[in-house]
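K.L.:
Quick one: sequence and predicted model below, then my questions.
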Amino acid sequence: LSMALTTVLLLLLLLLLAVDGAHCVTHPRDVRVLKLLKGTIVSGGAALPPASCIASWDFAVDPCDAVFSDKFTCGIRCDAYAGNFSRVTEVALDSAAYSGDISAVDWNLPFLQNLDVSTNAFYGRMPASFSALIQLRRLSLSHNSLSGGLSDSVASLANLEELYLDNNFFTGGIPPNFGNLRTLKRLELQGNRLTGAFTDLGRLTGLNFLDASDNWLSGGLPASLPPSLVELVARNNGIEGEIGANLMPPSLQVLDLSHNKLSGSVPSDLFTHPGLEQLTLSFNELESVQIPDDYYMGLLSDRLVSADLSNNRIEGLLPGFMGLMPRLAALSLEENRFWGFIPPEYVMKIVINGPISGRTQFVRLLLGGNYLFGPIPGGFLELKPGSVDIRLGDNCLFRCPVRFFFCGGGPQKPSFQCRK
């Protein structure tokens, strides 16, 4: 009996030791990084909101052992283990106006997969120590006050899938070695002060989304684009030159290059593209629209829903083929130099098209600010206000008073301007 009792007691002791050893012990280097981060924020001078993540961090306990407790209510996760240590895999801070020099932290967290300090008030340059984040998949520095150039340290992160650097004060160009980020799927650079030409992004073979809007980029479009790109947004820059034919990959669905300095022609392949749904090229210096070959044989895109070519310098007759595009519902050609009659294809797309014809009707047709002439199409006179958004003002049309809802946008041009 005594032997059996001894065995039971020994098993209970071993079980207690196992349970005690099951507690997470955070790797000392990870703890040091977390302490540095909190110390940097505290030294920034701003008071920590009582309910914020960082305010709860109490290093009297082990961080990974206290995740989601009242000592570490939020901000970190520990989902990896190495040897006898638990490793930090996520640092995701709340938006609590945290301030401090982000480069003062030595980011030696080799198991970190997600770093998100967005929508705070961090400042300083992008840390060189980011290169130690060898397993990082997502980096979000959005909406802070970071400055300086885009660091090469980020370009070395071979596993990075999402990179958010938008709405800061970053300067300089897009580093060419960003092309090394072969696993990158999303890149957001908008709202900075980036300059220079687009770097060649063709090597980013997995990239789906790119936004470089609201910067100071110049030069031409990249020589090649990622074959997987779904959305390209680069509005409000100084990008110039022509849009190359067949530049856009077949996967592209959204293209917004508005408010730039693009010139030349709108390539015809944008209107036969197999995937493009939204095309926005307004506020550029474009001069013409290329008409697709054999467009009447049903080769036009059946995906394009919206096209905005307004506020350019496009001359000539209105491109009638756009009225034959099956799904095109919104077309803006305002503030150009078009002349001639309103094409019958446009009228039919408003008056005749619909569920019966299998074609989408125009719900928005903006043609104001051109030099269109001739009578108002008879079908327009039967339209009721609110049924469709049409603007024909500031043209040379015959009898198009502003009391007609579709003649909005200003009175017709005086005759001397029309003759000129």
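P.N.:
Yes, it's here. Residues are numbered from 1 along each chain as shown.
K.L.:
list the contacts for Asp394?
P.N.:
If a contact means Cβ atoms under 8 Å, 6 or more residues apart in numbering, then Asp394 has Gly368, Gly369, Asn370, Gly409, Gly410, Pro411, Gln412, Lys413 as its contacts. Heads up, the C-betas are built off the backbone N, CA and C, glycines and all.
K.L.:
and with 10 Å instead?
P.N.:
By Cβ atoms under 10 Å, 6 or more residues apart in numbering, the contact list for Asp394 reads 334-335, 367-372, 400, 407-413, 417.
K.L.:
Asp79 now?
P.N.:
Cys64, Val67, Ser86, Arg87, Val88, Thr89, Glu90, Phe111, Gln113.
K.L.:
List buried members of those by neighbour count.
P.N.:
Neighbour counting with 16 or more other Cβ atoms under 10 Å marks Cys64, Val67, Ser86, Arg87, Val88, Thr89, Glu90, Phe111, Gln113 as buried within those.
K.L.:
Give me the subset of these lying in strands.
P.N.:
Among the buried ones among the contacts of Asp79, the residues falling in strands (DSSP state E) are Ser86, Arg87, Glu90.
K.L.:
Kindly indicate which of those lies nearest Val254.
P.N.:
Glu90 (30.2 Å; Cβ to Cβ).
K.L.:
Surely the closest one touches Leu112?
P.N.:
Yes - proximity of Glu90 to Leu112 meets the contact threshold set by Cβ atoms under 10 Å, at 7.0 Å.
K.L.:
For these two, list the residues in contact with both.
P.N.:
By the contact definition Cβ under 10 Å, 6+ apart, Glu90 and Leu112 are jointly contacted by Ile76, Arg77, Ala80, Arg138.
K.L.:
out of those residues, which are inside helices?
P.N.:
Using DSSP state H to define helices, no part of the shared contacts of Glu90 and Leu112 is located there.
K.L.:
okay, now Leu194: neighbour count?
P.N.:
Counted with other Cβ atoms under 10 Å, the neighbours of Leu194 add up to 22.
K.L.:
Make 28 the first number, not 1, from now on.
P.N.:
Happy to do that; since the first residue is 28 now, the last one works out to Leu221.
K.L.:
That one should be in a strand, yeah?
P.N.:
Yes - applying DSSP: H, G, I helix; E, B strand; the rest coil, one finds Leu221 inside a strand.
K.L.:
In contact with the residue lying closest to it once chain neighbours are set aside, which residues are there?
P.N.:
Once flanking residues are discounted, Leu221 sits nearest to Asn242: 4.2 Å by Cβ to Cβ, 6 or more residues apart in numbering. Asn242 makes contact with 193, 197-198, 201, 216-223, 261-266, according to Cβ under 10 Å, 6+ apart.
K.L.:
Return the per-residue confidence for the residue lying closest to Cys80 once chain neighbours are set aside.
P.N.:
Excluding the flanking residues, the one nearest Cys80 by Cβ to Cβ, 6+ apart is Gly102, at 3.6 Å. Per-residue pLDDT puts Gly102 at 96.
K.L.:
Next: the one 10 residues further on.
P.N.:
pLDDT recorded at Phe112 is 93.
K.L.:
That one: neighbouring residues, count only.
P.N.:
Other residues close to Phe112 by other Cβ under 10 Å number 18.
K.L.:
For the helix or strand hosting Thr198, buried residues please.
P.N.:
Assigning secondary structure by DSSP states H and E places Thr198 in strand 196-199. For strand 196-199, a neighbour-count test (16+ other Cβ under 10 Å) marks Phe197 as buried.
K.L.:
Assess the claim that Ser245 and Lys288 are in contact.
P.N.:
Yes - in this structure, Ser245 is within contact of Lys288 by Cβ under 10 Å, at 8.3 Å.
K.L.:
intersection of neighbour lists for these two?
P.N.:
With Cβ under 10 Å, 6+ apart, Ser245 and Lys288 have common neighbours Asn264, Gly265, Ile266, Glu267, Gly268.
K.L.:
Okay, the most centrally placed residue in the chain and Arg209: tell me how far apart.
P.N.:
Against the mean C-alpha coordinate of the chain, by Cα atoms, centre = their mean, the closest residue is Asp238 at 3.9 Å. From Asp238 across to Arg209, the span is 20 Å (Cβ to Cβ, to the nearest Å).
K.L.:
where's Glu215 relative to Leu234, distance?
P.N.:
When distance is defined by Cβ to Cβ, Glu215 is 11 Å away from Leu234.
K.L.:
Please identify which of those two sits among more neighbours.
P.N.:
Set Glu215 next to Leu234 and count neighbours by other Cβ under 10 Å: Leu234 wins out with 26 against 20.
K.L.:
Show the pLDDT at the closest residue to the more buried one other than its chain neighbours.
P.N.:
Nearest residue to Leu234 in three dimensions, chain neighbours excluded: Pro253, at 4.1 Å (Cβ to Cβ, 6+ apart). Predicted confidence (pLDDT) for Pro253: 93.
K.L.:
Same question for Val69.
P.N.:
86.
K.L.:
residue contacts, the closest residue in space to Lys376 that isn't next to it in sequence?
P.N.:
The shortest distance from Lys376 to any non-neighbouring residue, by Cβ to Cβ, 6+ apart, is to Gly350 (4.6 Å). By Cβ under 10 Å, 6+ apart, the residues touching Gly350 are 358, 369-377, 380, 386, 389, 392.
K.L.:
Relative to Glu188, which of those is nearest.
P.N.:
Distance to Glu188 across the contacts of Gly350 (Cβ to Cβ) is lowest for Leu358, with 36.4 Å.
K.L.:
hey, where'd the helices end up in the stretch 128-277 of the chain?
P.N.:
Secondary structure of the stretch 128-277 of the chain (DSSP state H, counting those that start in this stretch): helices at 179-182.
K.L.:
Tell me where the protein is predicted with low confidence.
P.N.:
Scanning the chain for pLDDT under 70 picks out the ranges 28-51, 71-73, 324, 380-385, 447.
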